[in-house]
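J.: all I have is the shape, not the residue letters:
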C-alpha cells in the first residue's frame, strides 16, 4: 500500500459510522462502501484505490469461520467460495489479497475510530492475520483492544444483531484466556453473564445458555461456586417455566434440559439429570396434544428416544418406542403417492428381452446374470446428474421407514453421506429394473421350460456350491419356478449365506468368530461381505449389490427382514424372489482359477 493519500470522500463516508454510541453492523458498513465503489469507480471504470480495498476487505470477512478444513487456520474466513470454470476454486475475499501494508494500515485504524465495532474489527484482523502475512507475532495490545471494545459493544448494546454480540463475547473470552489476563477474564465473564440476563427470552433458543456454554463448561474461567449456582438456577427456572408453558416449546426445553443433564451427570447427580430429562420428555408428550401429523410426531419421539438411550434411561426409551409404533401405524396413510408413467413400446421391450435370452439356456442365464447386476459407477453418475438438476433434495436427510412407520435407517445429505446415497440409489434402481427382470425370467422359462434340476446343475458348475446343500438349492429353485415365492425365499436366502461362507473358506478366509459362550460361531453374511477375500473374488459391484439386497437397511435388507420376522406377507413376492434367484446366478459365475483361465 505504501504512502498513499487517503481519499477524503471515503474518510467522510466512514465518519458517518464513527459515533461512539451508534448502533450498527459490519455488513452495513460494507454495503455502504460497496455502493460507493459501484457508483464512483465501477461505473466510471476507475481503479479502486488500495485504501478503499483495505476498508472494504476489513468488513466482509466471516467471523468464526466454520469451514475449518477449507479455511486458512484463522478465526476469520472468506465471505463466500465457489468454483469457476476458468479460475477454479475462488475465495472472496482471499487471504492472498492481504499484504503487510494492509496489516500495517489496519493496525493504525484500530487506534483512530471512536466506535467500538470499528476498533474491534480492525484490531482483530491484525491479531488474526499478522503472523500468516508478515511472519511476526502481532502486538498484544491489539488483542486487548478487541477484548475491551467487545465488552463495550455488549454493555452498551451497540451492535444491531444480538447473536453477533454473543460471538464477540466468545472471541473476547478466548483472547483473554490466551493472554492469561486475569483482570480481562473477569471483565468478560461479568459481561457475558450480564448480557444473557439482558437479552434472554425463554422461547428464543439462541439468546440464552451461552453463559453455561462459555463459562461453566470452561474450567480456565474460574467461576466461583456462587456464580455456578446462579447459572444453574437460571436454567432450572427456565426449564420449569417451559414445562408449564401452553406453547409446549420442547425445542427450548430440550436445550435447557440437556445442559442441566450434562452438568448433573458430570458431578454424578444421577437423580437430578434424570429429573430434568423427564421434564423435557413431559413437554414433548404434551406437544403431541396439538395433534401433529404422525410423521412429525415420530420425529419428535425419535429425538426423545435417542436422548433417553444416550443417558442410559432404557425403561423410559422403551415407553417412547411403544408410542412411536402407535404413530407409525398412522404414518403410511399420510404419504402422498405420486405416479409417473413412462411408455416404452412393446416391440422395444420384446427386442431387448429376446437379445438377452438368445442362444442356448447356459448362454442366456449368463447374459441375464451379468446384465442385471447393478453397477456402482452408474449409480454415482446418476447421483451426480440428479444433484445438478435438483440440488435441494440432496441437502436433506432421508428417513427410511418400514411398513409400521418405524425408522429403520437414515441417509444423510449427499456431501455428508455419499455411501448412503449410493446404496439408496442402487436400491431404487433395483426396484425399477426388477420389472424388466421379471419379464426376462418369464420369457426365459417360456422359451426353455427348464426344470429345477437343470438350473441346479448349471449353478453347480461353480465349486462354491456344496453337494451337501444340493437338495435344498434344488428344492428352493423348484418352489421358485412353481411360483411359491414365500417358500423359495425362506429356503434360498440361507443358501446364499452358506455359499458366501464356502467362498470365504476356499479363498483361505476365516469364517468363525469367538462367541460369548466361550465357543465359536459363524460370521454373519454382512461380516463376510466386507471381508477382503470375498470382495476380491466377487468384485465391488456384486458385493455392494449383495449388501443392498440382503443386509443393508438403507436397501432391500431381505436377509435380515426375513430372518428376524419383520417382512410383511406382501414383501415376500416374485420381485424379491427374482432377486434372490439372480443372486444365486451371480454366485454360479465363480469358477476356480485354472478352469477360469482355460
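T.: Structure received. In this text, all values refer to a predicted model and were calculated from it rather than measured experimentally.
J.: do you know how far residue 13 is from residue 388?
T.: With distances taken as Cβ to Cβ, to the nearest Å, residue 13 is found 42 Å from residue 388. All C-beta atoms are positioned from the backbone trio N, CA, C, and that covers glycine.
J.: let me redo that: residue 263
T.: 47 Å.
J.: those two: which has the busier surroundings?
T.: residue 263 (20 against 9; other Cβ atoms under 10 Å).
J.: mind checking how far the more buried one is from residue 232?
T.: 6 Å.
J.: mean confidence score for stretch 188-201?
T.: Here stretch 188-201 scores 96 as its mean pLDDT.
J.: wait, I meant stretch 435-443
T.: 94.
J.: got the buried residues for that stretch?
T.: By neighbour count with 16 or more other Cβ atoms under 10 Å, stretch 435-443 contains the buried residues 436, 437, 440, 441, 443.
J.: and the last one, helix, strand or coil?
T.: Under DSSP: H, G, I helix; E, B strand; the rest coil, residue 443 falls in the helix class.
J.: could you find the closest non-adjacent residue to it?
T.: Leaving aside its sequence neighbours, residue 443 sits nearest to residue 353 (Cβ to Cβ, 6 or more residues apart in numbering; 4.9 Å).
J.: all strands for the stretch 51-200 of the chain, in order.
T.: 80-84, 88-92 (DSSP state E, counting those that start in this stretch).
J.: mind checking which of these is nearest residue 463?
T.: Comparison of those against residue 463 by Cβ to Cβ identifies strand 80-84 as nearest, at 50.5 Å.
J.: partners of that closest one, with directions?
T.: Applying DSSP bridges to the sheet, strand 80-84 is found paired with strand 88-92 (antiparallel).
J.: for the partner strand, buried residues please.
T.: For strand 88-92, using 16+ other Cβ under 10 Å, the buried residues are residue 91.
J.: state the mean pLDDT of it.
T.: So the average pLDDT for strand 88-92 ends up being 85.
J.: list of residues touching it?
T.: Around strand 88-92, the neighbours that count as contacts under Cβ atoms under 8 Å, 6 or more residues apart in numbering are 60, 78, 79, 80, 81, 82, 83, 84.
J.: element containing the residue nearest to residue 443, please.
T.: In this structure, residue 353 sits in helix 346-356 according to DSSP states H and E.
J.: next SSE after that helix?
T.: Later in the chain than helix 346-356, the nearest helix or strand by DSSP H and E is helix 361-371.
J.: show the subsequent helix or strand relative to that following helix.
T.: helix 376-389.
J.: quick one: mean pLDDT over that following helix.
T.: If you average the pLDDT over helix 376-389, you get 89.
J.: show me what that helix is packed against.
T.: helix 418-448, helix 532-546 (3 or more Cβ pairs under 8 Å, 6 or more residues apart in numbering; DSSP states H and E).
J.: now these as JSON lines including distance to residue 9?
T.: Listed next are these as JSON lines, based on distance: least, Cβ to Cβ, whole Å:
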{"stretch": "helix 418-448", "distance to residue 9": "52"}
{"stretch": "helix 532-546", "distance to residue 9": "64"}
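J.: how about the helices of the stretch 451-598 of the chain, start to end?
T.: According to DSSP state H, counting those that start in this stretch, the stretch 451-598 of the chain carries its helices in the segments 452-459, 470-481, 485-506, 525-529, 532-546, 558-563, 574-588, 593-597.
J.: from residue 55, how far off is the nearest residue to residue 522 once chain neighbours are set aside?
T.: Excluding the flanking residues, the one nearest residue 522 by Cβ to Cβ, 6+ apart is residue 511, at 5.8 Å. Residue 511 is 70 Å from residue 55, where distance means Cβ to Cβ.
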